[in-house]
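Engineer: what follows is a predicted protein model with its sequence.
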Amino acid sequence: MQPAVRKALNVFISYARTDKHFREELVQHLAPLVVANEITILQDVDIPAGELWRQEILHLLEIADVVLALVSPPFFHSNFSMTVELPKALERAARKEILLVPVVIRPVEWQTTALAAFQALPHNAHPVSKWPDRDDAYKEIAAGLREALEGYRSPKVEDRHNGNRIAPPAGGLSEPEFEGPGPVGTAVKAAIADRLTPQEAVCAFNRAADLSSSYDFNLPATLHAGGKFFRGRSKELDRLCGAIRQEKSAVVFGVQRVGKTSLVERALEMVSSESARNTPIVIRVDMFSQWGIFKGALEFFNLIINELARAEGNDPSTLQKVLLDAYSDAVLSEFNLQETFRSILRKSRRITGRPILLFIDEFQDIEHVFERAASRHIPMAFDAGLIRWLGSLVKNGDLQMLLGCRFQAKDLEQRERMELFKLMVRIELGPLDEPSARSLVRDPVADSVRYEEEAVRRIVELTGRFPYLIQYMGYELVNRQRVIRTGQVRRKDVEDCADEIVSSQLNESCFSLLYQDFKVLQGGYPWKVLLTLAILAKAERQLVGFNELAALCKDRAGLPDRERVRDLLRSLTLTGVVVEEKRGPEPSYYFGSELLRRWLQEQGHIKTLR
């Protein structure tokens, strides 16, 4: 009689998008376990864009036997990881349905989270990124996982868990050594000291995470908490709503996480609530996550006609066949495909009586599609020519477009000669107005934490009223409270928090959101001007005159042309990252965010100028 073949265990890897390369490296090192039929890697990266990805990932979590959590700063900053994946994993671990293993890939105070109650890999939870040779770290992880799987498969697994109590975390962390701050830290400290059951640990985690998750700096304001923390933007909303009502196209520019998506979604919501009959059929494309599916024009057109068919109450396959027939014409395929698509748009407009609005978010990432089209010589490719043709649809009133763009899209538009933005209402999105910024500080935790007036004023000054920085500081401040139930934030708390933020290299991803575009825009010269200003601005809100700034730009940034410097400063002031004040014949400048000025100086960015 042949021995029974053991079933491979399903392994789900929970990770932040920015840690994708760590995930890929780990999967390669787990290949021997896959070949040995010990495990099967559940590939969340294979979920097609446009699918109900949240439900798909929850399904993968539901069928998983093992969950590996790749622990890093971005992991804890990931809204999806913290609000969906980790709670689900903890819930299933509490019911003894899965083996939950933290894999520490980058240094972070993970001991202040519920994961601290689970045995981590590699040995002593030494972060993978700190090993001299990562291969050694991954080899140890694979070996540790194999050993853990043997124990997990064992019929005596209940005995090994000491009556369902959680074992102490990796690294021999003992109760006297544990000094984790904040409500989460307090909860986990209790879990370790008292050997809480998994169910009790999950409850402690959920209670502790409630406050800190109130400041969700990774999610658009219109999506977080039902949109109740969307603030201000009244002038921009009026302009955008006016454009939508008049069936004009519009483009919203801004740095990362300034609220472009939130603004568009709120405008669409407002217009839709006014009149159901004239409400546009909205087709949404997130180019950041979906660019990979657009190999050619046909895939792009199919996405649009699927939404049109749903709006008409028809079967999308009928329209898809019409497009495919046009595509198959070997002689005039491109012309036929475009004209067929145009006629489909016009017919849909006649049937529904509603305008057709295409909202492309993160439009600058369309560059990836262009690059692939150029390198692979794809027939009827999705390239700049297709965008120019869409511009003709906009011009003729067949299609209305809304674009959410980072500033680097301006360079792309000029380089590829798309000639699209000139057809659109242009909206530049900067920081919040002061009342809205103050409201965003207080409101998310209004029932639990009281901010002193001086603390609120200081947060507004330090963050420059950028919504992302406000929410990030709020998150850190709430987590720093030793006894949160007494909940009061003073100015000193804010100053201490600011000192910690600017001194930690781990916050590079947070601050780079404000200046990443400047490193690639116009050959990186806006970034050099920003660093030059950081050299001269020695104190908070210190004004630096144009003449002084232009002179140093010539010496340190290779910019001898004063008018070019003036032009670059206009770009920076549009974003609110730099503020202009006119005193005398020439303007002066200072940093909109004091945190950013201190960060650039503290982390040595200014030394990169020659």
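Structural biologist: Ah, there it is.
Engineer: ranges for the helices of the stretch 251-400 of the chain?
Structural biologist: 260-272, 287-290, 297-312, 316-328, 333-352, 366-376, 384-395 (DSSP state H, counting those that start in this stretch).
Engineer: go through those helices and name the closest to Leu115.
Structural biologist: helix 287-290 (26.4 Å; CB to CB). Heads up, the C-betas are built off the backbone N, CA and C, glycines and all.
Engineer: so His500 touches Met473, yeah?
Structural biologist: Careful, residue 500 is Glu and not His. No: with contact defined as CB atoms under 8 Å, Glu500 and Met473 do not form a contacting pair (10.6 Å).
Engineer: those two: which is more packed in?
Structural biologist: Neighbour tally, Glu500 and Met473, criterion other CB atoms under 10 Å: the higher count belongs to Met473, 23 against 12.
Engineer: average pLDDT across stretch 259-267?
Structural biologist: Stretch 259-267 shows a mean pLDDT of 91.
Engineer: can you check stretch 77-94 too?
Structural biologist: Mean predicted lDDT for stretch 77-94 stands at 80.
Engineer: go on, stretch 477-496?
Structural biologist: pLDDT averaged over stretch 477-496 gives 73.
Engineer: any idea how far apart the tips of that stretch sit?
Structural biologist: 9 Å (CA to CA, to the nearest Å).
Engineer: just stretch 516-525 next, same as before
Structural biologist: Stretch 516-525: ends 12 Å apart by CA to CA.
Engineer: what are the buried residues along that stretch?
Structural biologist: 516-518, 520-522, 525 (16 or more other CB atoms under 10 Å).
Engineer: what does stretch 334-353 give?
Structural biologist: 334, 336-338, 340-342, 344-346, 348-349, 352.
Engineer: got it, and stretch 453-463?
Structural biologist: 455-463.
Engineer: domain parsing for this structure?
Structural biologist: 9-212, 233-428, 434-503, 508-608 (automatic domain parsing).
Engineer: chain center to the third one: distance?
Structural biologist: Okay, so that is domain 434-503. 22 Å (CA atoms, centre = their mean, to the nearest Å).
Engineer: next one: the second one
Structural biologist: Centroid separation for domain 233-428 versus its chain: 22 Å, with CA atoms, centre = their mean.
Engineer: pull up the distance across that domain, start to finish.
Structural biologist: 11 Å.
Engineer: re earlier: so which of the helices of the stretch 251-400 of the chain gets nearest Ser448?
Structural biologist: helix 260-272 (24.0 Å).
Engineer: would you mind writing the CA trace of the closest one as PDB?
Structural biologist: Extracted in PDB, the C-alpha atoms of helix 260-272 (Å, rounded to 0.1, in the frame of the first residue of the first chain):
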ATOM      1  CA  LYS A 260      -6.400  64.700  -6.100                       C
ATOM      2  CA  THR A 261      -8.500  61.500  -6.100                       C
ATOM      3  CA  SER A 262     -10.600  62.700  -3.100                       C
ATOM      4  CA  LEU A 263     -11.400  66.000  -4.900                       C
ATOM      5  CA  VAL A 264     -12.500  64.300  -8.100                       C
ATOM      6  CA  GLU A 265     -14.600  61.700  -6.200                       C
ATOM      7  CA  ARG A 266     -16.300  64.300  -4.100                       C
ATOM      8  CA  ALA A 267     -17.100  66.400  -7.200                       C
ATOM      9  CA  LEU A 268     -18.600  63.400  -9.000                       C
ATOM     10  CA  GLU A 269     -20.600  62.600  -5.900                       C
ATOM     11  CA  MET A 270     -22.000  66.200  -5.700                       C
ATOM     12  CA  VAL A 271     -22.900  66.300  -9.400                       C
ATOM     13  CA  SER A 272     -24.500  62.900  -9.300                       C
END
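Engineer: can you list contacts of that helix?
Structural biologist: 220-223, 227, 230, 233, 236-237, 240-241, 244-245, 252-254, 279-280, 282, 357, 359, 361, 402, 404-405, 427, 429 (CB atoms under 8 Å, 6 or more residues apart in numbering).
Engineer: tell me the confidence at Pro176?
Structural biologist: Pro176 is given a pLDDT of 29.
Engineer: quick one: Arg442 from Tyr472, how far?
Structural biologist: Per CB to CB, to the nearest Å, Arg442 is found 16 Å from Tyr472.
Engineer: okay, now the unreliable bits of the stretch 401-550 of the chain?
Structural biologist: Counting by pLDDT under 70, the stretch 401-550 of the chain has low-confidence residues at 480-486, 506.
Engineer: quick one: the helices in it?
Structural biologist: Using DSSP H, counting those that start in this stretch, helices in the stretch 401-550 of the chain cover 408-416, 434-442, 453-463, 467-480, 491-503, 508-520, 525-536, 546-556.
Engineer: how about these in JSON lines, adding distance to Ile57?
Structural biologist: As requested, the helices of the stretch 401-550 of the chain are exported to JSON lines (distance: least, CB to CB, whole Å):
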{"stretch": "helix 408-416", "distance to Ile57": "29"}
{"stretch": "helix 434-442", "distance to Ile57": "29"}
{"stretch": "helix 453-463", "distance to Ile57": "32"}
{"stretch": "helix 467-480", "distance to Ile57": "24"}
{"stretch": "helix 491-503", "distance to Ile57": "31"}
{"stretch": "helix 508-520", "distance to Ile57": "22"}
{"stretch": "helix 525-536", "distance to Ile57": "36"}
{"stretch": "helix 546-556", "distance to Ile57": "48"}
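Engineer: higher neighbour count, Arg442 and Tyr472?
Structural biologist: Tyr472 (23 against 16).
Engineer: quick one: the helices in the stretch 51-200 of the chain?
Structural biologist: Under DSSP H, counting those that start in this stretch, the stretch 51-200 of the chain gives helices at 53-63, 73-77, 79-80, 86-94, 134-153, 157-160, 182-194, 198-212.
Engineer: could you tell me the least trusted of the ones you listed?
Structural biologist: Of all the helices of the stretch 51-200 of the chain, the minimum mean pLDDT falls on helix 157-160 (a mean of 38).
Engineer: Arg388: how many residues sit nearby?
Structural biologist: Neighbours of Arg388 (other CB under 10 Å): 14.
Engineer: contacts only, for it.
Structural biologist: 417-420.
Engineer: ditto for Val502
Structural biologist: Val502 neighbours (CB under 8 Å, 6+ apart): 595, 598-599, 602-603.
Engineer: then Glu586?
Structural biologist: 545-547.
Engineer: neighbour-wise, which of these leads?
Structural biologist: Phe546 (19 neighbours).
Engineer: that one touches Tyr589, doesn't it?
Structural biologist: Yes: using CB under 8 Å, Phe546 is in contact with Tyr589, at 7.3 Å.
Engineer: now for these two: what residues contact both?
Structural biologist: In contact with both Phe546 and Tyr589: Leu569, using CB under 8 Å, 6+ apart.
Engineer: since that was my last question, I'll sign off now.
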